[in-house]
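In: Requesting a structural model of the entry that follows:
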Amino acid sequence: MPVTSIRVSAEGRGYTFSQGTVVRVGSAQNADVILHSPAVSPYHARLVADGNGWWLAAEDGGDIWLAGGRITALQLTGAVTVQLGARGEAAVYLEPVADQARVAVLVTRLGRDQRVFPVGTQVRVGRDPSLELVSVNPLVSRQCHGLITSDEKGAIYTDRSRRGTFLDGKRLRGPLRITESVVLRLGDPATGEELGITPPLSGTELEHNRGRRIIRSRVRIIAGLAAIAIAGGVAAVIFADAGSAPAGSTLSGGLSPAVLANAESATVRLLQGSQSSFTGWGSGTLISPTGLILTNAHVAEPQAPGAGVALGIPAAQLEPDPPFLTVELTTGPSSPVVARYRARPVAVDGYLDLAVVQIYATSSGKPVNPSSLRLPYFTLGSDAAVQLDQPVTVLGFPGVADSDSITVTSGVISTFIPDPLGHVNDPRFELETTARLAHGNSGGAAINDAGQLIGVPSLEVTGEGGDLSWRLRAVNEALPLIAAAEDHTAYHSKILVQLTGAEEVTGAGVGATPQAACSGGRSVGSAGSAVFGIDYARVPVGLDLAMLVALPNGSAVTVSTGGLPQATAKSSSACFTVDLDADQLGLAALPDGTYHVQLYGGPNLTPIGGSAALTVGTSGGPAASGAP
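Out: Residues are numbered from 1 along each chain as shown. Okay, the predicted model is just below:
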């Protein structure tokens, strides 16, 4: 009987992985099965399946023990418990599951992490590592944001958060009965964490339920139209294109119909991959008739140098770069976009979150000569001429609209925002607007009434009480990238300081004060706060630094933006400290146990030196691991 999945249990948590998945086991924060023992390496072992079943194999020289003997690989023919670490410190239970196709299971996807649960399992979603589905998104409640239950007829999702859970942009007001695959957003209708749920039903049942929903929605639309006809006697519908407007007329904000029509045709949707297999999408703007497109770096090349610094996340944890972008063009204001070309990056700056990509082939991969293209395009404005309360129009393809046609919103420029990390001196580094932005608008157009491109929609910042700040990256920041793309020269950012390879960590410590932490104290008593410090040397002045402080449960300490605590080196040798208060964790005192600290640096926030284990309270583990 074929083996199609494997169950894994470790540190009180259970997982189920389907065949075709490579399961990474280790202490890394992005491992599939996370172990918090300091004796376990970041990627200690892996689980893979072939036609004969599942195999466990050691990675990075990791120690695996079975029945007192050390092994490097094991074919799993039945349930077994292995120990990982030099002395078998971490126990992992493994159980291959046969003929899963006949077993009803609940399938979930949180971000990129897919999990499978037996029917009847209560699945809690939140940021607490003790839950079944764990998110690191700050929009998700720490405790149970939502609860999933299931039976043989489907699943039920119940929201338990203050921020809410959203389906198709609408907040759930009660338990949601799930009889077909759905994608929910946790904490925000546009930028919240994606939670996909497939109920424990067969493919035939899922398709049948989907068909019934579509038929019901069509019946409601027909009934609505009938009500209009009955109430009003006659319903007249008039469709007019931009060319039908009287000469000299303007739309909202003073934008002429002709200018808007050109802006719509020069705004594109960019799929990260092919039409049949893409991992996400964003928007872009044509800036030359030969197919140069301006967009965001996180759309074109998510792991571009500098992106890690901008987000406070090591580049290794960012989304992978797509193989190419599929360029979809508009065919009318109410018509769906059509795939025409492929494009690839030619100039990218991860810190600025800007990229210029070049069309190089048709959507099917046939090469094209850019000089033969005659595409509509934007002319560039200057953010130096932008005034407060000036009208702005934003174009793009937000997912919240649930439409394949272009979306246009309008507003004004509300304020100017300097670079929060201080690397760029322009006080108009970002332009805040009242025009609504949402996921999918990234990389699109923000134009003035003359139709000139003045900004690139880049991000949404959540404030207190659910307030939102919608940000545009000033177009002036893109000029060096555009110049390099037009001149066919390599773009090299001069914003961030590069690593030299000589950097080193000379010590790490914890204490009640920065002085105690920087003097190398290995432990501190139970308290409401503590200071963690890492001493470094031979670091270039101006290098970006970040510190990972992992709590005893393995979760990382983050700042309000969701990234790691960061600093910029003011001298070649110094001590980087992070203050941690129990209030930040919603606790009366810091958890007792072993904390791990790690220094990162450079444009990609690359690890510098080893990690160190430090103790708070009296129940911590070893005093050090890989630290001087």
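
In: ok, then the element right after the helix or strand of the chain with the lowest mean pLDDT?
Out: Here the helix or strand of the chain ranked lowest by mean pLDDT, DSSP states H and E is helix 203-232, holding a mean of 44. With elements assigned by DSSP states H and E, the helix or strand that comes after helix 203-232 is helix 257-265.

In: Mind listing what's buried along that following helix?
Out: By 16 or more other Cβ atoms under 10 Å, the buried positions in helix 257-265 come out as 257, 259, 260, 261, 262, 263, 264, 265. Any C-beta I mention is one placed from the backbone N, CA and C, and that applies to glycine too.

In: from these, which is closest to residue 512?
Out: Using Cβ to Cβ, residue 263 comes nearest to residue 512 of the buried residues of helix 257-265, at 58.3 Å.

In: before we move on, back to that, farthest-separated two in the buried residues of helix 257-265?
Out: Of all pairs in the buried residues of helix 257-265, the most separated under Cβ to Cβ is 257 and 265 at 12.7 Å.

In: residue ranges with poor pLDDT in this structure?
Out: Counting by pLDDT under 70, the ranges of the chain that qualify are 1-4, 12, 19-21, 51, 98-104, 112, 202-254, 400-402, 460-468, 618-628.

In: State the distance from the residue nearest the centre of the chain to residue 399.
Out: In the chain, the centroid-proximal residue (Cα atoms, centre = their mean) is residue 319; its distance is 6.7 Å. Computed as Cβ to Cβ, to the nearest Å, the residue 319 to residue 399 distance reads 16 Å.

In: show me what contacts residue 272?
Out: Applying Cβ atoms under 8 Å, 6 or more residues apart in numbering to residue 272 gives the contacts 278, 279, 280, 281, 282, 299, 322, 325.

In: Most neighbours of all these, which one?
Out: Highest neighbour count within the contacts of residue 272: residue 325, with 30 neighbours (other Cβ atoms under 10 Å).

In: if I pick that residue, what's in contact with it?
Out: Residue 325 sits in contact with 270, 271, 272, 273, 284, 299, 300, 342, 343, 344, 357, where contact means Cβ under 8 Å, 6+ apart.

In: From those residues, list the buried ones, please.
Out: The neighbour-count test (16+ other Cβ under 10 Å) marks 270, 271, 272, 273, 284, 299, 300, 342, 343, 357 as buried among the contacts of residue 325.

In: check which helix or strand covers the fifth one.
Out: Translated: residue 284. Here residue 284, judged by DSSP H and E, is contained in strand 278-286.

In: What separation do you get for the nearest residue to residue 414 once chain neighbours are set aside and residue 523?
Out: Leaving aside its sequence neighbours, residue 414 sits nearest to residue 432 (Cβ to Cβ, 6 or more residues apart in numbering; 4.8 Å). Distance, residue 432 to residue 523, by Cβ to Cβ: 45 Å.

In: ok so, going back, return the closest of the contacts of residue 325 with respect to residue 484.
Out: residue 357 (12.6 Å).

In: Please put the alpha-carbon coordinates of stretch 487-504 into CSV.
Out: The C-alpha coordinates for stretch 487-504 follow below in CSV (Å, rounded to 0.1, in the frame of the first residue of the first chain):
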residue,chain,number,x,y,z
ASP,A,487,22.2,53.0,-21.0
HIS,A,488,22.4,49.2,-20.8
THR,A,489,24.8,49.5,-17.9
ALA,A,490,24.9,47.6,-14.6
TYR,A,491,23.2,49.3,-11.7
HIS,A,492,25.1,49.4,-8.4
SER,A,493,23.5,51.0,-5.4
LYS,A,494,25.6,53.4,-3.4
ILE,A,495,23.2,53.7,-0.5
LEU,A,496,24.3,50.8,1.7
VAL,A,497,27.7,49.8,3.0
GLN,A,498,28.9,46.4,1.9
LEU,A,499,30.4,43.6,4.0
THR,A,500,34.1,43.0,3.7
GLY,A,501,34.3,39.5,5.2
ALA,A,502,36.5,40.6,8.0
GLU,A,503,33.6,41.3,10.5
GLU,A,504,33.6,39.3,13.7
